[in-house]
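# generate a structure from the sequence data that follows.
(one chain, ligands or ions: 1)
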Amino acid sequence: MKKNNVRDVALEALLQVEKNQAYSNLLLNAFIKKHAVDKKDIPLFTELVYGTLQRRDTLDFFLEPFLKNSKKLEDWVRILLRLSVYQMIYLDRIPERAIFFEAVEIAKKRGHKGTASLVNGVLRSLQREGVPSVEEIEDDIERIAVKTSHPKWLIEKWVKQFGLAETEKTGETNLLPPVQTARVNKMKETSDSLIEKLNEEGFSVEHGDLSEDAVKSVKGNLVHTQAFKEGLFTIQDESSMLVARALGVEENDNILDACAAPGGKSTHIAELLNGTGHVHSLDIHEHKVKLINEQAERLELGNIQTYALDSRKADEQFEKESFDKVLVDAPCSGLGVVRRKPDLKYTKQQADVEKLAKLQYTILETVASLLKKEGRLIYSTCTVDHEENADVVAKFLENHPEFEKDETVASRLPERVKPFIKDGELQILPHYFGTDGFYIAALRKKG
Ligand SMILES: C[S@@+](CC[C@H](N)C(=O)[O-])C[C@H]1O[C@@H](n2cnc3c(N)ncnc32)[C@H](O)[C@@H]1O
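Numbers count the residues shown, from 1 in each chain. Sure, this is the predicted structure:
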């Protein structure tokens, strides 16, 4: 496939994300297959789609002075300009004449001569005059929003919750490509031996930085390995690996995972149970429950039982006080995983956060009754927002005096996260460890 085709396919992919027809992370693979993107072009294709999407608002800021006199642009033209400016500013290995030439070719093919000359004119003026400086934006919120390409409402909210400096760092970290990490299936393998096997398969793999269960890929997608097929590991972010550890799984525990698909944490819990006990894994979506079963099968874990069930009705299915431990890894806005799903930062709204907080609270309240006295409950999300995290837990504790914070959680988590644990709660921001943003609260039902 010629490079200009890669750009045209990237443009098409971005157009679909823009029209809200697809999530970027799901769309990429589908596009690679559908348009038969050559293996050697996949890194460039991925970079173009993710990079242009991640930096959308910054690119629009750069383009704005050069579009002042243009009529409203068609979506594809604006995306083509963003895609081209992204390459000019952020990718130094592509010569500018190649970027101009290919942009004009695409414009001719998709539009007409006039569009091609507009694209050419805008890019040449931008090259000649240079882009405006983001640092000169006076208002701090506006500057961080434009510089890190996040909506203003979100930056404003994070600044209130975490302060200016932390918000800026979070925003900047959200622009970086994520590292791929994997959790060793300790039922079958040790980290050292897994690293050796993966390196023998031609990958470059090291120990993780945070979790004792993690290895990280320096280069290459670990899904395409024999070791993956053999169930020796699961792809999982390191912060997410802390959840099952926080639960403090013990032999023969009967554990409820109330929001379990695709099974990342259920399978981790099952591995820590080491063939004993039971994990009961619920998810509201039947098709997602299948994913848990597939993973359990691949990892050869026999102690997971799955249910397609709304956990707000879990008290109709299970006896009160029947579980030793309960995990609520709640549906959330996902604002901790923006590196992997950049479209989330543009599509999520404050109204979504409020709706989710209500759902999270109801799930938590329902399944809490199923926990045995002196049992442990972990509430976790992959978001960085007090409203979905600490506020949900605070409201729950206020209405449920039979629960208290479990401060022993620190003893089950790695040294490096300890400074961030406050009163049984851990909020990880992406720049702390280069992981996803994550929240974990540990609660205990009184005796
Ligand atoms: C954050 S994801 C869980 C990730 C999972 N714990 C893992 O580690 O792979 C939240 C899940 O909750 C499910 N969900 C949403 N509402 C639910 C409900 N009312 N009852 C049960 N599951 C629900 C979603 O389908 C989604 O799979």
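# drop to CA atoms for contacts and neighbour counts, all remaining ones
Fine.
# number of residues surrounding Glu238?
27 (other C-alpha atoms under 10 Å).
# for the spatially closest residue to it that is not a sequence neighbour, grab the count of nearby residues.
Using C-alpha to C-alpha, 6 or more residues apart in numbering and skipping residues adjacent in sequence, the residue nearest Glu238 is Ser211, 5.8 Å away. A count of nearby residues for Ser211, using other C-alpha under 10 Å, gives 21.
# likewise Leu26?
Considering only other C-alpha under 10 Å, Leu26 is surrounded by 10 other residues.
# element containing it?
Take DSSP states H and E as the rule and Leu26 turns out to sit in helix 24-34.
# any idea of the angle the very next helix or strand once past that helix forms with helix 24-34?
Following helix 24-34 in sequence order, the next helix or strand is helix 42-54 (DSSP H and E). Helix 42-54 runs at 140 degrees relative to helix 24-34, counting by axes from the mean of the first three to the mean of the last three C-alpha atoms, to 10 degrees.
# packing partners of helix 42-54?
helix 3-18, helix 24-34, helix 75-90 (3 or more C-alpha pairs under 8 Å, 6 or more residues apart in numbering; DSSP states H and E).
# what's the closest of the ones you listed to the ligand?
Smallest distance to the ligand across the helices and strands packed on helix 42-54 (C-alpha to the nearest ligand atom): 15.0 Å, for helix 24-34.
# if you count neighbours, what's buried in the closest one?
Neighbour-count burial for helix 24-34, counted by 16 or more other C-alpha atoms under 10 Å, picks out 24-25, 28, 31-32.
# save those as TSV, and put in distance to Gly130 too.
Listed next are the buried residues of helix 24-34 as TSV, based on distance: C-alpha to C-alpha, whole Å:
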residue	distance to Gly130
Ser24	30
Asn25	32
Leu28	32
Phe31	33
Ile32	34
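# who are the contact partners of Ala357?
Residues near Ala357 by C-alpha atoms under 8 Å, 6 or more residues apart in numbering: 332, 387-388, 392.
# to clarify, my last question referred to Gln180.
216-218, 221, 235-237.
# if we can go back for a sec, in a markdown table: the helices and strands packed on helix 42-54, plus distance to Ser266 and mean pLDDT.
Putting these into a markdown table (distance: least, C-alpha to C-alpha, whole Å; pLDDT from 0 to 100) gives the following:
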| stretch | distance to Ser266 | mean pLDDT |
| --- | --- | --- |
| helix 3-18 | 31 | 86 |
| helix 24-34 | 22 | 81 |
| helix 75-90 | 40 | 97 |
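# following element in sequence after the helix or strand harbouring Gln127, please.
Here Gln127 sits within helix 113-129, counting by DSSP H and E. Per DSSP H and E, the first helix or strand lying C-terminal to helix 113-129 is helix 140-148.
# can you spell out which helices and strands pack onto the next helix or strand after that following helix?
Following helix 140-148 in sequence order, the next helix or strand is helix 152-162 (DSSP H and E). With contacts defined as 3+ C-alpha pairs under 8 Å, 6+ apart, helix 152-162 has these neighbours: helix 140-148, helix 164-173.
# could the C-alpha coordinates of the longest helix belonging to the chain be exported in CSV?
In the chain, assigned by DSSP state H, the helix with the most residues is helix 350-368. C-alpha atoms of helix 350-368 as CSV (Å, rounded to 0.1, in the frame of the first residue of the first chain):
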residue,chain,number,x,y,z
GLN,A,350,-20.8,16.3,32.7
ALA,A,351,-24.3,14.8,32.4
ASP,A,352,-22.7,11.4,31.7
VAL,A,353,-20.6,11.7,34.9
GLU,A,354,-23.7,12.5,36.9
LYS,A,355,-25.7,9.6,35.4
LEU,A,356,-22.8,7.2,36.0
ALA,A,357,-22.4,8.3,39.6
LYS,A,358,-26.0,7.3,40.2
LEU,A,359,-25.6,3.9,38.6
GLN,A,360,-22.4,3.3,40.4
TYR,A,361,-24.0,4.1,43.7
THR,A,362,-27.0,1.8,43.1
ILE,A,363,-24.8,-1.1,42.1
LEU,A,364,-22.6,-0.6,45.2
GLU,A,365,-25.6,-0.4,47.5
THR,A,366,-27.2,-3.5,46.1
VAL,A,367,-24.2,-5.8,46.2
ALA,A,368,-23.0,-4.5,49.6
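# got the angle between that helix and helix 152-162?
Going by the same axes, to 10 degrees, helix 350-368 makes 50 degrees with helix 152-162.
# helix 350-368 near the ligand at all?
No. For helix 350-368 and the ligand, the contact criterion (C-alpha under 6 Å from any ligand atom) is not met; the two come no nearer than 6.5 Å.
# list the buried residues of that helix.
By 16+ other C-alpha under 10 Å, the buried positions in helix 350-368 come out as 353, 356-357, 359-368.
# repeat that for stretch 248-267.
248-250, 253-267.
# nearest residue to the residue in the stretch 101-250 of the chain that the ligand sits nearest to in space, ignoring adjacent ones along the chain?
Closest approach of the stretch 101-250 of the chain to the ligand (C-alpha to the nearest ligand atom) occurs at Ser240, with a separation of 7.2 Å. Of all residues not flanking Ser240 in the chain, Phe438 sits nearest, at 7.1 Å (C-alpha to C-alpha, 6+ apart).
# the one you found pairs with what?
Ile428 (DSSP bridges).
# give me the pLDDT value at Asn329.
Not quite, residue 329 is Asp, not Asn. Looking at Asp329, its pLDDT is 98.
# flag every residue of the stretch 301-447 of the chain that's near the ligand.
Selection of the stretch 301-447 of the chain residues close to the ligand by C-alpha under 6 Å from any ligand atom yields 309-312, 329-331.
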